[in-house]
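K.L.:
give me a model of this one.
(chains A and B)
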Protein chains: 2
Amino acid sequence: MRIALDAMGGDDAPAGIVDGAFEAAGEGRDSLEVVLVGKRDVLDSYIAAKGLAAPNVSIVDAPEVIGMSESPSTAIRRKRDASIPVAMNLHRAGGVQAVVSAGNTGAMVASSLLQLGRLPRIERPAIAIYVPTRENGGTVLLDGGANSDCDPHNLLQFAFMGSVYAETQLGKASPRIGLLSIGEERSKGNELTRAAYELLERSTLNFVGNVEGRDVFAGKVDVVVTDGFVGNVVLKFTESIIYYITSLIGDEVRRHALARVGAGLMRPVFRGIKRKLDYAEYGGAPLLGVNGVVIICHGKSSSLAIKNAVLAAGRFVAGGINDRIRRKAEETEQ
Amino acid sequence: MRIALDAMGGDDAPAGIVDGAFEAAGEGRDSLEVVLVGKRDVLDSYIAAKGLAAPNVSIVDAPEVIGMSESPSTAIRRKRDASIPVAMNLHRAGGVQAVVSAGNTGAMVASSLLQLGRLPRIERPAIAIYVPTRENGGTVLLDGGANSDCDPHNLLQFAFMGSVYAETQLGKASPRIGLLSIGEERSKGNELTRAAYELLERSTLNFVGNVEGRDVFAGKVDVVVTDGFVGNVVLKFTESIIYYITSLIGDEVRRHALARVGAGLMRPVFRGIKRKLDYAEYGGAPLLGVNGVVIICHGKSSSLAIKNAVLAAGRFVAGGINDRIRRKAEETEQ
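P.N.:
Numbers count the residues shown, from 1 in each chain, chains lettered A, B, ... in the order given. Down below sits the predicted model:
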């Protein structure tokens, strides 16, 4: 299996990305080939300086780079030789089976739509984010930020794509679908969620109704559906409150001598929780609904996150998720 | 000062509410009178059984109760003798200067609009939630859930009401206003936020641009503006992730003997953080934009939360927040 990795995208590019590529290549061995897409001279000299070598890592040259805050639509039009579109074209041509990037998310979405196209009956692709839960093996939230304005049919499509994700990647039978809202009753929510509620209820999906934050973290559902604005806001809040609480603990510990000893004794606890909550462990988020396997990583991805994302891309390819989405789309009433 | 307290609203009503009323009355002494609004027989027997007595607590009878999950509009129309509308009528007639309730939020909003009306130039009232931050003395987020669907002008009005809150109640000069979105650039967000961005930028408010979760908890702004759907989702996520992390710590501590000792030593730390994050300490959230002082409390409010809410109501009355909102509305271009 060949996976293209955007070597120029992300805050830690290219160093952290290249390191992650070699780590993944080491773990994946014979079954995996990582194709680094980026400025060949930059990559060659980094690899030589670090003395990295692996038979299953290769480079495809992409002389341009799309910056993290560039306008996606403009960048995609003007920079055809940037790492993201070059990787997507490679995927479309069958040269790789997946594309992984920690670069400009909007550019990834735009380039996926342009170069790979959508799956039949999917109007909008969605970013599917794995959320660790206290019980029941995690949940998938979508859309994590590909579509800021959605209509009810988009949410229905997110629901069945999420259902396929939960089946194929999380091993869940008949995944329970929840609609993110502000109260359990069907009347609670906004115009969008009330209309989506009706569509979900009429569908063949295992829709269990509205859910709120506590249901998500408790693992009450396997799929959480929301528009990309709310999904992205919520993910960023979740991430930052984890950092906030950690900082508060640090502030308080510094003020209490005995608590410093206690914090030392609790180190394995904090380490276990950090591992559970760290997105780096979960390997990026697939953009579902495009005609290919596209994995979007956090801009701050470390080499660990990149390694896990490349390995996750392999699992998405192996799981045949797109064939299942195609079939599910045919079955689902819309 | 006389404050009406809905004795029948909230998961712990009437016991926790009545206890909170007497605690507030004890702290407020001569300057405060708490008027319990609810079923007189139920309240009388609870007060007698507990042996509670205070010269500055009285009862106004309201023979009906609006349930927590009743449809607000129907309930307000049909149950004119329920504690919420009775308290609001008392406020309108000048018998009290504020109303506090942990009951049905939708009914509180509907009854406030019907019985008290709106302040001039305010189209929609908003729930203003105090959010503790690591630095800079907290921020106020609105709307916390009164309006699920908003237009850009609503958000502009929330911004100046929040600005007045931050000035009068948090003592901040020229409060910094942030628009909750999914990226700093003005192009980031959804249709609503992009349009609201333009209005905020043209206003006389101290608008600093888009903010995300990390900015909120870091105290980068004094006011966070968003629609009531997103605001409510975010607040519930924040609340439940605090519970989730606490639970994860508990799960892990039970598995490590030494960590149990560590947790014991860290107790003052956890207590300090719990106090910082506990909404019960902050005393409910005002519904801003109505012609009166209305404080909405969490449905799970304890007697401590109710006590703090009653005392906070007193501060809102004393701060003259509505006169300031009236003036600010006249000054602000719309």
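K.L.:
contacts for the strand or helix carrying A:Glu27?
P.N.:
Counting by DSSP states H and E, the element that carries A:Glu27 is helix A:15-28. With contacts defined as C-beta atoms under 8 Å, 6 or more residues apart in numbering or on different chains, helix A:15-28 is touched by A:1, A:5-10, A:32-34, A:36, A:43, A:46-47, A:50, A:52, A:54, A:56-57, A:102, A:301-307, A:309-311, A:314. In short, each C-beta sits where N, CA and C put it, glycine included.
K.L.:
for the nearest residue to A:Met68 once chain neighbours are set aside, give me its contacts.
P.N.:
Excluding the flanking residues, the one nearest A:Met68 by C-beta to C-beta, 6 or more residues apart in numbering or on different chains is A:Asn104, at 5.5 Å. By C-beta under 8 Å, 6+ apart, the contact set of A:Asn104 is A:9, A:66-70, A:72, A:75, A:84.
K.L.:
buried ones among the contacts of helix A:15-28?
P.N.:
In the contacts of helix A:15-28, burial by neighbour count holds for A:5-10, A:32-34, A:36, A:43, A:46-47, A:54, A:56-57, A:102, A:301-307, A:309-311, A:314, counting by 16 or more other C-beta atoms under 10 Å in any protein chain shown.
K.L.:
quick one: the helix or strand harbouring A:Ala263 to helix B:257-265, angle?
P.N.:
Using DSSP H and E, the secondary-structure element containing A:Ala263 is helix A:257-265. With axes from the mean of the first three to the mean of the last three C-alpha atoms, to 10 degrees applied, the angle from helix A:257-265 to helix B:257-265 works out at 160 degrees.
K.L.:
now the helices for the stretch 51-200 of chain A?
P.N.:
Along the stretch 51-200 of chain A, counting by DSSP state H, counting those that start in this stretch, helices occupy A:72-78, A:83-92, A:105-111, A:152-168, A:191-202.
K.L.:
need the pLDDT of the spatially most central residue of chain A.
P.N.:
Central residue of chain A (C-alpha atoms, centre = their mean): A:Ala285, 1.2 Å from the mean position. Looking at A:Ala285, its pLDDT reads 95.
K.L.:
again, but for the one 10 residues further on
P.N.:
Listed pLDDT for A:Ile295 reads 97.
K.L.:
helix, strand or coil for it?
P.N.:
Three-state call for A:Ile295 (DSSP: H, G, I helix; E, B strand; the rest coil): strand.
K.L.:
give the contact list for it.
P.N.:
The neighbours of A:Ile295, taking C-beta under 8 Å, 6+ apart as the test, are A:98-101, A:283-287, A:309, A:312-313, A:316.
K.L.:
just the closest of these to A:Glu167, please.
P.N.:
Nearest to A:Glu167 among the contacts of A:Ile295, counting by C-beta to C-beta, is A:Phe316 at 12.8 Å.
K.L.:
the closest one touches A:Pro286, doesn't it?
P.N.:
Yes. A:Phe316 is in contact with A:Pro286 according to C-beta atoms under 8 Å; the separation is 5.6 Å.
K.L.:
out of these two, which sits in the more crowded spot?
P.N.:
Using other C-beta atoms under 10 Å in any protein chain shown as the criterion, A:Phe316 and A:Pro286 rank with A:Pro286 on top: 31 against 24.
K.L.:
that older thread, just the buried positions in the helix holding A:Glu27, please.
P.N.:
Under 16+ other C-beta under 10 Å, the buried positions of helix A:15-28 are A:16-25, A:28.
K.L.:
longest helix anywhere in chain A?
P.N.:
When chain A is parsed with DSSP state H, its longest helix is helix A:228-255.
K.L.:
low pLDDT regions in chain A?
P.N.:
Applying pLDDT under 70 to chain A flags residues A:332-334.
K.L.:
tell me the domain ranges of it?
P.N.:
Per automatic domain parsing, the structural domains of chain A span A:2-122+A:289-320, A:127-238+A:327-331, A:239-274.
K.L.:
give me the contact status of the shortest one with chain B.
P.N.:
It stands for domain A:239-274. Yes. Domain A:239-274 reaches chain B (C-beta under 8 Å from any C-beta of the partner chain) through A:239-245, A:247-249, A:251-253, A:256, A:258-259, A:261-266, A:268-269, A:272-273.
K.L.:
equivalent analysis for stretch A:223-235, please.
P.N.:
Yes. Counting by C-beta under 8 Å from any C-beta, chain B has neighbours in stretch A:223-235: A:227, A:229-230, A:232-234.
K.L.:
how close does the residue nearest to A:Val211 when sequence neighbours are not counted sit to B:Gln97?
P.N.:
Among residues not flanking A:Val211 along the chain, A:Gly178 sits closest, at 3.4 Å (C-beta to C-beta, 6+ apart). Distance, A:Gly178 to B:Gln97, by C-beta to C-beta, to the nearest Å: 42 Å.
K.L.:
repeat for A:Ser148
P.N.:
According to C-beta to C-beta, A:Ser148 and B:Gln97 sit 42 Å apart.
K.L.:
now swap in A:Ser302 and tell me
P.N.:
Per C-beta to C-beta, A:Ser302 is found 56 Å from B:Gln97.
K.L.:
quick one: name the residues of the stretch 51-200 of chain A near chain B.
P.N.:
Within the stretch 51-200 of chain A, the residues that sit near chain B (C-beta under 8 Å from any C-beta) are A:69, A:71, A:134, A:145, A:148-149, A:180-182, A:185, A:187, A:189-191, A:193.
K.L.:
buried ones in stretch A:252-269?
P.N.:
Neighbour counts over stretch A:252-269 (16+ other C-beta under 10 Å) mark A:252-253, A:256, A:259, A:262-263, A:265-266, A:269 as buried.
K.L.:
which residues touch stretch A:296-312?
P.N.:
Contact partners of stretch A:296-312, identified using C-beta under 8 Å, 6+ apart, comprise A:3, A:5, A:10-12, A:16-17, A:19-21, A:23-24, A:27-28, A:32, A:34, A:68, A:100-103, A:105, A:108-109, A:127, A:279-287, A:295.
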